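Trainee: I'd like to go over a predicted model; first the sequence, then the structure.
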There are 2 protein chains.
Amino acid sequence: MLSKKTRYAFRALAYLAENYGEGPILISSISNEKKIPLKFLENILNELKKADLLESKKGKGGGYFLKVSPKKINLATVIRVINGPIALLPCVSLNFYEKCDDCDETHCGIRKMMTIARDATLKILEKKTLHDIIFATV
Amino acid sequence: MLSKKTRYAFRALAYLAENYGEGPILISSISNEKKIPLKFLENILNELKKADLLESKKGKGGGYFLKVSPKKINLATVIRVINGPIALLPCVSLNFYEKCDDCDETHCGIRKMMTIARDATLKILEKKTLHDIIFATV
DNA sequence: TTAATATCCTACCAAATTGGTAGGGAAAAT
DNA sequence: ATTTTCCCTACCAATTTGGTAGGATATTAA
């Protein structure tokens, strides 16, 4: 399951996506609008900035805004930045790979199944973007 | 990611699947063979039993064994018993549903995307079984 | 050049979860 | 009655999660 932090990140990003192209948005506005604890949100947005998804501006008129269009930010990227691996096992992760001890990977059936599951999940998460979240048809 | 406990469960179940139809297997055999801490394994197997995946026999000649054929135990079931929800959000889970506060589910785009992701993942995890783990082709 | 406005950074903290261990109880077989 | 084996309850340390506190730094405006 995604952490609460990741859910906050999605809500904040969705809000910024809705206001894409309208200049910087205050952390406090997002916090109020989306009911996310201010100081917690602060470091979430900062992490997203360091991951190059957001840009920020200090001082009056400052705030956060998407660095690229909502159509170019897919859900897998967001999850990886805030939540970590998408695969169900470390030995199957593309971005957070870790070898498992006591397991011959080339013959491990568990690994093979989890790889198939990962690919199925990724196919969706890498295709869907912030834009899809906003304009999800009813 | 799946917990270490869940990975132990899969390893143990795979072992029992390999020995399906050959009578009870000792916890201690599985523990030795698969390098799983004995006491920890004890309660994993017990949970699997309570979930109706295993049967047990006490006393000499006792042990654990699969209740049904390896082809009838799919990976989603195992994950749900030991690890919990498969969906990425509680409000999207079929078996562990929880309403999210501050969110109109019928219009929530995040929810819609996570539902699609869940279905893609489940399609694999509910189709693949212990049998597939054992006989995964190279 | 000073004050105001916002983000950024470091450090801390409580509660929950994870990954176990300890020790004995209960049932079955001999 | 004894041995074998699973079953049950309780505990525990380490890690992760979900925050909070307080000030440092950059930008703007007067």
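Mentor: Alright, I've got the coordinates. None of the values given here were measured: they were computed from a predicted structure.

Trainee: from residue B:105, how far out is residue A:121?
Mentor: 22 Å (CB to CB, to the nearest Å). Yep, even glycine has a C-beta here, placed from its N, CA and C like the rest.

Trainee: the two - which one has more neighbours?
Mentor: When residue A:121 and residue B:105 are compared for neighbours, residue A:121 comes out ahead with 22 against 11, by other CB atoms under 10 Å in any protein chain shown.

Trainee: which SS state does the nearest residue to residue A:100 once chain neighbours are set aside fall under?
Mentor: Excluding the flanking residues, the one nearest residue A:100 by CB to CB, 6 or more residues apart in numbering or on different chains is residue A:91, at 4.4 Å. Put simply, residue A:91 is helix when judged by DSSP: H, G, I helix; E, B strand; the rest coil.

Trainee: ok, longest helix in chain A?
Mentor: helix A:109-125 (DSSP state H).

Trainee: tell me which element the residue nearest the centre of chain A is part of?
Mentor: A centroid search over chain A (CA atoms, centre = their mean) returns residue A:78, at 1.4 Å, as the residue closest to the centre. Using DSSP states H and E, residue A:78 sits in helix A:75-82.

Trainee: helices of chain A, start to end?
Mentor: A:4-18, A:27-34, A:38-50, A:75-82, A:109-125, A:130-134.

Trainee: tell me the spacing between the closest residue to DNA strand D within chain A and residue A:24.
Mentor: In chain A, no residue comes nearer to DNA strand D than residue A:59, which is 2.6 Å away by CB to the nearest atom of the strand. Distance of residue A:59 to residue A:24, computed by CB to CB: 10 Å.

Trainee: those two: which is more packed in?
Mentor: Neighbour count, other CB under 10 Å: between residue A:59 and residue A:24, residue A:24 has more, with 18 against 7.

Trainee: separation between the more buried one and residue A:61?
Mentor: 7 Å.

Trainee: which positions in chain A make contact with chain B?
Mentor: A:1-2, A:7, A:10-11, A:14, A:35, A:75, A:79, A:84-85, A:87-90, A:100, A:102, A:106-107, A:109-110, A:112-113, A:116-117, A:120-121, A:123-125, A:128, A:132-136, A:138 (CB under 8 Å from any CB of the partner chain).

Trainee: for residue A:113, which non-adjacent residue is spatially closest?
Mentor: Using CB to CB, 6+ apart, the nearest residue to residue A:113 is residue B:128, at 4.8 Å.

Trainee: quick one: that neighbour and residue B:74 touch, right?
Mentor: Yes. Taking contacts as CB atoms under 8 Å, residue B:128 lies within contact range of residue B:74: 6.4 Å.

Trainee: just to revisit the earlier point, of the helices of chain A, give the one that comes closest to residue A:69.
Mentor: helix A:130-134 (7.5 Å; CB to CB).

Trainee: avg pLDDT for that closest one?
Mentor: Confidence for helix A:130-134, expressed as mean pLDDT, is 97.

Trainee: give me the contacts around that helix.
Mentor: Contacts to helix A:130-134, defined as CB atoms under 8 Å, 6 or more residues apart in numbering or on different chains, come from residues A:10, A:13-14, A:17-18, A:66, A:69-71, A:73, A:75, A:78, B:109-110, B:112-113.

Trainee: of those residues, keep whichever come out buried.
Mentor: A:10, A:13-14, A:17, A:66, A:70, A:73, A:75, A:78, B:109-110, B:112-113 (16 or more other CB atoms under 10 Å in any protein chain shown).

Trainee: would you turn those into JSON lines with distance to residue A:96 and pLDDT?
Mentor: Formatted as JSON lines, those follow (distance: CB to CB, whole Å; pLDDT from 0 to 100):
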{"residue": "A:10", "distance to residue A:96": "20", "pLDDT": "98"}
{"residue": "A:13", "distance to residue A:96": "21", "pLDDT": "98"}
{"residue": "A:14", "distance to residue A:96": "25", "pLDDT": "97"}
{"residue": "A:17", "distance to residue A:96": "26", "pLDDT": "98"}
{"residue": "A:66", "distance to residue A:96": "25", "pLDDT": "98"}
{"residue": "A:70", "distance to residue A:96": "25", "pLDDT": "98"}
{"residue": "A:73", "distance to residue A:96": "20", "pLDDT": "98"}
{"residue": "A:75", "distance to residue A:96": "17", "pLDDT": "98"}
{"residue": "A:78", "distance to residue A:96": "15", "pLDDT": "98"}
{"residue": "B:109", "distance to residue A:96": "27", "pLDDT": "94"}
{"residue": "B:110", "distance to residue A:96": "23", "pLDDT": "95"}
{"residue": "B:112", "distance to residue A:96": "27", "pLDDT": "96"}
{"residue": "B:113", "distance to residue A:96": "22", "pLDDT": "97"}
